[in-house]
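> Have a look; sequence and predicted model below, questions after that.
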Amino acid sequence: NCNNLIYCKGPILDKVQKEKIFSDSKTFVDMPTIKTEEEVYSNFEQIGINATKEQVENFLIENFATSGSDIFSINPPDWIETPKFLNNINDLKLRDWAFEIHKIWKELIKFTNHSNVAPCLNCFSSIDLPYPFVIAGERFREIYYWDSLWILEGLLVSEMNQTAKETILNFLFLIKQFGFIPNGSRIYYKNRSQPPVLSLIVERYFNETLDFELIQLALPILEIEYSFWMNNRAFVQIDSLGVTHILNQYRSINYFPRPESYNEDLQTVENLSSTIQTAILFSQITTACESGWDFSSRWLKNDTITNPLETLQIRELIPIDLNVILCAVEQTLYRLYQKIGNSKQSQFYQLKHKQRIQAIQSIFWNQTNSMFYDWNIRTQSHQQSDSFYISSILPFWNQCHNLTFEQQQNSLKQIENLGIFKYPAGIPTSNNPNANQQWDFPNAWPPLQYFTLAALENLNAIDLHQQLLFKWITTNWCAWIKYGVMFEKYDVTTVGEPGGGGEYQVQKGFGWTNGLILSLLKKYGNILTVDSSNC
């Protein structure tokens, strides 16, 4: 955990955030100091915890620089005017749009330089990364872990191999420094990770560049990350036949409000009567953030009450999608070790991959409903509800299952009957219309469209795949025509409209959205078309 007494906990953070100087709690904790820690502490003691709002505002002016002033823009040396993929896009409207998205990389690539900004090493919440990095956009002015899988896809499409490699090197640096990859490159994110996709990123980069030197450098460090998940996030589950399986769950330990969402977390716990209950809920909150799905009715016992986050129970669940991603990680490590001729480690991960498939089949598959579900540790049963979540389709993304062809088709039919393919602008995260969480209906997120498209391809659902592909391209393009920006998420019910909900306004930029669109335009640019009459 982070113990910094300015950015992570302590009276300064508490006072500034409670005064609500800024509409977004993240603003303050992204402000570097312009004086040493000792001077900042001393100056705060002079005004004290009973200071007026005006005194706190003056304290900030005298001791802090503006939010994000420790992050600098850079002109990426590997950006080129006309990457080859543009010529493969037949529709000129889409080709022009692809070029505009390609140009956005120059706005999103940043670097840190602590030595030029503040008078001390601990005067920042940002982690000083050794290489330039791609931010998501707007308030997300640092590198984020699982976003980078789709960002890297886009960088490779744009032939920005150097930036792609430096993305990987930054993550390897973080693993060497912390033993895992934090949620993002801020010290207040050190109490949690995100879905572990770095192995997939490394293999994707290698397949494009054949950079053997990089995978030889990366593999020992990727093993450190794998060990983190197996040592700190594992759970032993016995199936109905008495067979023991090792699975994984999200499991952050945290006893304080999130610095970047301080007031929101205080509001969430305000009705709790005990310190223990409050600490447990703070851990539930950061655990949900570790999942990447922050927040979703999927993690709630009750999503209909006034304060639904009070009922978070993600620490009692074993999520299907995390285990599918780790199944992909084990398969990827098996392949990467095979490529460098290390048969011992290759066989080790091949065995882990096979064991994971057996575990996924035994624990998550519900034969009665032809559906994969999360597993509830407390009830020792599938976490079934009236709602469907797109996470149930993930085993078909990388075929981490042992289903027969008939079982696969039955599962697809069950999902199709739920009506999630009927919307004009993509696949919703869930079919729960009353949840009011951002990882729920009606929001469509780029990663989930990616997983669904791959799953439909593996299921040989050609018509559904093509329909979703055209819908996703159309809604992104229409939003660009209407607003001139790329959004982090979209509303499935209305073509060309951004999504909503959550703790902040919908963000523009946007790293993973751009990366996925560029990847799809490269792969399907010869068949895709758009028409403004569909907007």
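Done, it's in.
> Identify the residues contacting the helix or strand of the chain with the lowest mean pLDDT?
Sorted by mean pLDDT, DSSP states H and E, the helices and strands of the chain end with strand 71-73, the least confident at a mean of 93. Residues outside strand 71-73 that contact it (CB atoms under 8 Å, 6 or more residues apart in numbering) are Glu107, Ile109, Lys110, Phe111, Thr112, Asn113, Ser126, Ile135, Arg141, Glu142. For the C-beta atoms, the positions are set from N, CA and C on the backbone; glycine is no exception.
> Just the buried residues of the residues you listed.
Ile109, Lys110, Thr112, Ser126, Ile135, Arg141, Glu142 (16 or more other CB atoms under 10 Å).
> If we only consider the contacts of strand 71-73, which is nearest to Pro447?
Using CB to CB, Ile135 comes nearest to Pro447 of the contacts of strand 71-73, at 16.9 Å.
> List the contacts of that closest one.
Contacts of Ile135 by CB under 8 Å, 6+ apart are Ile71, Leu108, Ile109, Lys110, Arg141, Glu142, Ile143, Tyr144, Gly509, Gly511.
> And it, what's its pLDDT?
Ile135 is assigned a pLDDT of 96 by the prediction.
> now the buried ones among the contacts of strand 71-73 as TSV including distance to Ile415 and secondary structure?
As requested, these are exported to TSV (distance: CB to CB, whole Å; DSSP: H, G, I helix; E, B strand; the rest coil):
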residue	distance to Ile415	secondary structure
Ile109	38	strand
Lys110	39	strand
Thr112	43	strand
Ser126	41	strand
Ile135	34	coil
Arg141	37	coil
Glu142	36	coil
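> Would you mind checking which of the residues you listed is nearest to Phe22?
Using CB to CB, the buried ones among the contacts of strand 71-73 come closest to Phe22 at Arg141, 14.4 Å.
> For the spatially closest residue to the closest one that is not a sequence neighbour, which three-state class applies?
Leaving out its chain neighbours, the residue that sits closest to Arg141 by CB to CB, 6 or more residues apart in numbering is Gly68, at 4.8 Å. On the three-state scheme (DSSP: H, G, I helix; E, B strand; the rest coil), Gly68 is labelled coil.
> hang on, isn't Gly68 packed against Phe140?
No. Counting by CB atoms under 8 Å, Gly68 does not reach Phe140; the two are 10.4 Å apart.
> Distance of the residue nearest to Ser391 when sequence neighbours are not counted relative to Trp105?
Closest residue to Ser391 apart from its sequence neighbours, by CB to CB, 6+ apart: Asp321 at 4.2 Å. Separation of Asp321 from Trp105 (CB to CB, to the nearest Å): 28 Å.
> The two: which is more packed in?
Looking at Asp321 and Trp105 with other CB atoms under 10 Å, you find the greater number of neighbours at Asp321, namely 26 against 22.
> before we move on, the earlier item: now do the residue nearest to Ser391, the pLDDT please.
98.
> Now for it: which residues touch it?
So Asp321 contacts Pro195, Ser391, Leu394 (CB under 8 Å, 6+ apart).
> By neighbours, which of the residues you listed wins?
Of the contacts of Asp321, with other CB under 10 Å as the count, Leu394 tops at 28 neighbours.
> correct me, but it touches Leu322?
No. With contact defined as CB under 8 Å, Leu394 does not reach Leu322; the gap is 9.3 Å.
> So which residues of the stretch 201-350 of the chain form helices?
Under the criterion DSSP state H, counting those that start in this stretch, the stretch 201-350 of the chain contains helices at 212-232, 262-269, 275-290, 320-339, 343-364.
> Low-confidence ranges, the stretch 101-250 of the chain, go.
Within the stretch 101-250 of the chain, the segments meeting pLDDT under 70 span 116-119.
> Could you rerun that using 80?
For the stretch 101-250 of the chain, the stretches with pLDDT under 80 are 115-122.
> chain center to stretch 357-365: distance?
24 Å (CA atoms, centre = their mean, to the nearest Å).
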